[in-house]
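**Q** Kindly generate the corresponding structure for this input.
(chains A, B and C)
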Amino acid sequence: MSDPFALDEDPTPAPFTPARGAVAAPVSMGPPPAWITSLNAEQREAVETTEGPVLVLSGAGTGKTRVLTARLANILAKGLAKPWQVLSVTFTNRAAREMRERVSALVGPVAEALWLGTFHAIGVRILRRHAEAVGLKSNFTILDSDDQLRLLKQVMEADSIDSKKWPAQGLMGVIQRWKDRGLTPDKVTAGEKSEFAAGRALALYSAYQDRLKQLNAADFGDLLLHGLTIFQSQPEVLAQYQDQFRYILVDEYQDTNVAQYLWLRLLSQKQKNLCCVGDDDQSIYSWRGAEVGNILRFEKDFPNAKVIRLESNYRSTPTILAAASHLIAHNEDRLGKTLRTGRDGIEDGEQIEVRGVWDGAEEARWVVEEIEGLQRRGQKLNNVAILVRAGFQMLEFEERLIQTGVPYRVIGGPRFYERLEIRDALAYLRLINQPDDDLAFERIVNKPKRGIGESTVQKLHVLARAQNVPLMEATLRMIETDELRPQVRSTLRDLMASFARWRTMRETLPLTELTALVLEDAGYLEMWKNDKSPEAPGRLDNLREFATGLSEWDSLAGFLDHVSLVMENEANAADEAVSLMTLHGAKGLEFDAVFLPGWEEEIFPNRRALDENGQAALEEERRLAYVGITRARQRVFISFAANRRVFAQWQSSLPSRFIDELPKENVRLQSDAGQFGNRGFSEGWQSMTAKWGNAAPGGFSSQRRPPVVDTKWEVVPRESQGGIDIGDRVFHQKFGYGIVTAVDDCKLEINFEKAGVKRVMDSFVTLAH
DNA sequence: CGTATATATCTTTTT
DNA sequence: GATATATACG
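**A** Numbers count the residues shown, from 1 in each chain, chains lettered A, B, ... in the order given. You can find the predicted model right below:
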């Protein structure tokens, strides 16, 4: 471990060889390459200002990725640094992958040797080399949030804290926030004490960290936090990295948290060649500890920093830009930036479609119909996306897309590695890789059923704690005693022997075969073969797929890292398909046409977010809306439903306030009159929108003239919905009969006979007699 | 020790 | 409506 920078980990040939003709020799003469000359003045400045701190404020669609890749290519092509002397951090694996591909296209395979990856991936790479400095072994396990939660529950139980009153999830949040801010237990000050468990959160945090060390494991936050600790406690290690990284680039800087900021600042302190690219209007991760303030702090910490603004948008039509700008202007807390179109003589483009529908199914039907319409006019489905606020909204669209046979892919959906059978298989592999992994041990001791019940595991726990050893070691000791029933004892002995055998085979057998053998030997495959449930065959398929996929890996440790860090499924982008994903997942992407369903109060802006964080959360939700709109090059379709099923219950909903915040002249509002039978939905919806629009400050209804409904707009007489009072018996299409218990302007609270208490717009009910 | 039934909680967003 | 945990019973 003498030289952490030994080249053996850098798969680069020692001499720097430029790509096949792509780039001239280092310190090139002659005209600059096309990927520089094709940039506009600001972009070019951002690329060519290589020395000193640079902050690039780049609005949506202003060519941010282009600048980043050109900057990397420029540094390499000019020979300012070797690829392994350049550190480039992103937030998502997808962004990292894309950047590597694009830099490779410019400068060739040398790009492979760049330190390019997510904060977490880079963090792991560094931590594996210096694990001992924080009490871990180099082969430590990375825990996912599931393991993390189980571990926290154990820690709480050991401290006999009532998990009913204090859910472990809450503690996880508290600890995560501390870690996001770079606080190890010893740095949490008295003033930071959390409410959790009557102020015992800090003690629990401490205990949790101790347990992690025992398990030789780290959670996500640790990947960076430990790095910080190492840098702060071992100046010589820090100095090595400071010398190594001559240039540092950061993507999506607005989403860095304090820990990441400190990490960056330490690493760049010496050379000060730090380039951060971000957009405060696209900051959508404050719930994960992101601090937009890091953008402001940048200029303070690096007083001579050059600030470059990219405001020319090359992506969207002027209509879309205008709508997005108008919406985001409702935020008070922003640096202020004007996006203008970067292309001359471009047409305004189609108006934004806003559509109100009856319920979620209707919405899905409309969206897919529109998609088919676009497709008929030659639109490639790869360039169409449906962006939802939250994962649960995807289901309805999936169903409809399947029904109609429109191909789609879910991005960031239910993850392969999170399936139960895959997690079981992974637990076996983890235990082979790292015998201290008690969480994995507990998961599989009795899977398949071996007659090892809770009481046996308890005995093992007691011994493990008494002797301060991992469960696997405790088991080995226990089977030497006669404390266990003979049958249990021999089962465990067999299991331990199996693991010993597998561990020796690990060296010689390819991973695919090793996995197949382990699962077969353990009886795990047998278990699913005998399972009569309908999903069992699918699980076996998944396990087969899992084993096959392992053939790409030659090291078990490397694969396990991949699983922990790159939880996403590799989408087969080759096929033409509509993308379905969350708004968060869509950041950094662009499409010709974008569908934004579910623009309803409670859903978007999300109520829980508002409950927790009030005004700040509202602004973040609005930024999310801004991100959604600005993903589109040509068309934006926004929709909202009057009724939605949440859990198993129907709820009525109001259009999102964000709809009101769109500029009237760029919007085409549609409501299909007559489509809802004669019960007058469209009438009700019009009156609802009109009234609600009037009530909302800055609303558009008073000014705008939508083609479809405008004429009836102001005409709907107030009395037509009025006349309903407390105590009236009313009828609602979905909820049935009920009694009105409260009236708040046009909103009613009704106690339905079947559906319980609901809040409903008055226009959706009729008086019953 | 294993299985069956009841129940509570879940749906904000991700590495 | 689905899944994970709690409880009772065999």
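**Q** And the residue of the stretch 351-500 of chain A closest to DNA strand C?
**A** residue A:420 (6.2 Å; Cβ to the nearest atom of the strand). (Each C-beta comes from the backbone N, C-alpha and C, glycine too.)
**Q** pull the helix or strand with minimum mean pLDDT from chain A.
**A** helix A:710-713 (a mean of 24; mean pLDDT, DSSP states H and E).
**Q** In the stretch 351-500 of chain A, where is pLDDT below threshold?
**A** A:413-414 (pLDDT under 70).
**Q** got it, and the stretch 101-250 of chain A?
**A** A:194.
**Q** Up against DNA strand B, what does it have?
**A** A:118-121, A:145, A:164, A:167, A:169, A:220 (Cβ under 7 Å from any atom of the strand).
**Q** Distance check, residue A:556 against residue A:121.
**A** Going from residue A:556 to residue A:121 by Cβ to Cβ, to the nearest Å gives 18 Å.
**Q** Now do the contacts for the closest residue to DNA strand B within chain A.
**A** Of all residues in chain A, residue A:453 sits closest to DNA strand B, at 2.6 Å by Cβ to the nearest atom of the strand. Residue A:453 is in contact with residue A:446, counting by Cβ atoms under 8 Å, 6 or more residues apart in numbering.
**Q** And residue A:184, by the same measure?
**A** Applying Cβ under 8 Å, 6+ apart, the residues near residue A:184 are A:209, A:225, A:229.
**Q** Find the nearest non-adjacent residue to the second one, please.
**A** To tie it back to what came earlier, the one meant is residue A:225. Closest residue to residue A:225 apart from its sequence neighbours, by Cβ to Cβ, 6 or more residues apart in numbering: residue A:179 at 5.2 Å.
**Q** same thing with the last one?
**A** Leaving aside its chain neighbours, residue A:229 sits nearest to residue A:134 (5.7 Å; criterion: Cβ to Cβ, 6+ apart).
**Q** In the stretch 401-550 of chain A, what residue spans correspond to helices?
**A** A:420-433, A:438-444, A:454-467, A:471-478, A:486-508, A:511-521, A:524-530, A:536-549 (DSSP state H, counting those that start in this stretch).
**Q** Could you dump those helices into JSON lines and include distance to residue A:243?
**A** Formatted as JSON lines, those follow (distance: least, Cβ to Cβ, whole Å):
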{"stretch": "helix A:420-433", "distance to residue A:243": "33"}
{"stretch": "helix A:438-444", "distance to residue A:243": "38"}
{"stretch": "helix A:454-467", "distance to residue A:243": "43"}
{"stretch": "helix A:471-478", "distance to residue A:243": "41"}
{"stretch": "helix A:486-508", "distance to residue A:243": "36"}
{"stretch": "helix A:511-521", "distance to residue A:243": "36"}
{"stretch": "helix A:524-530", "distance to residue A:243": "49"}
{"stretch": "helix A:536-549", "distance to residue A:243": "39"}
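**Q** Quick one: closest of those helices to residue A:330.
**A** helix A:420-433 (43.4 Å; Cβ to Cβ).
**Q** what packs against the closest one?
**A** Packing contacts for helix A:420-433, counted by 3 or more Cβ pairs under 8 Å, 6 or more residues apart in numbering; DSSP states H and E, involve helix A:438-444, helix A:486-508, helix A:511-521, helix A:524-530, helix A:536-549, helix A:556-565.
**Q** If I take the second one and helix A:556-565, what angle do their directions form?
**A** Taking axes from the mean of the first three to the mean of the last three Cα atoms, to 10 degrees, helix A:486-508 and helix A:556-565 form an angle of 100 degrees between their directions.
**Q** Kindly list the longest strand within chain A.
**A** strand A:632-646 (DSSP state E).
**Q** next structured bit after the least confident helix or strand of chain A?
**A** strand A:729-732 (DSSP states H and E).
**Q** Just after that following strand, pick out the following helix or strand.
**A** Once strand A:729-732 ends, the next helix or strand along the chain (criterion: DSSP H and E) is strand A:736-744.
**Q** State the mean pLDDT of that following strand.
**A** Strand A:736-744 comes out with an average pLDDT of 73.
**Q** what comes up buried for that strand?
**A** By neighbour count on 16 or more other Cβ atoms under 10 Å, the buried set for strand A:736-744 is A:738-740, A:743.
**Q** Residue A:407 - how many residues pack around it?
**A** A count of nearby residues for residue A:407, using other Cβ atoms under 10 Å, gives 12.
**Q** Please look at residue A:138 and residue A:124 and confirm they touch.
**A** No: in this structure, residue A:138 is not within contact of residue A:124 by Cβ atoms under 8 Å, at 10.8 Å.
**Q** more neighbours, those two?
**A** Per other Cβ under 10 Å, whichever of residue A:138 and residue A:124 has more neighbours is residue A:124, with 23 against 13.
**Q** between the helix or strand encompassing that one and helix A:556-565, how many degrees?
**A** Taking DSSP H and E as the definition, residue A:124 sits inside helix A:119-129. Between the axes of helix A:119-129 and helix A:556-565, defined by the same axes, to 10 degrees, the angle is 150 degrees.
**Q** What about the residue lying closest to residue A:587 once chain neighbours are set aside, how many residues nearby?
**A** Leaving out its chain neighbours, the residue that sits closest to residue A:587 by Cβ to Cβ, 6+ apart is residue A:627, at 5.7 Å. Other residues near residue A:627 come to 24 when the count uses other Cβ under 10 Å.
**Q** And for residue A:730?
**A** Neighbours of residue A:730 under the rule other Cβ under 10 Å: 21.
**Q** you'd agree it is up against residue A:737?
**A** Yes: between residue A:730 and residue A:737 there is a contact at 7.2 Å, judged by Cβ under 8 Å.
**Q** anything in contact with each of those two?
**A** With Cβ under 8 Å, 6+ apart, residue A:730 and residue A:737 have common neighbours residue A:768.
**Q** rewinding a little: what helix or strand does the residue nearest to residue A:587 sit in?
**A** In the assignment (DSSP H and E), residue A:627 maps to helix A:607-629.
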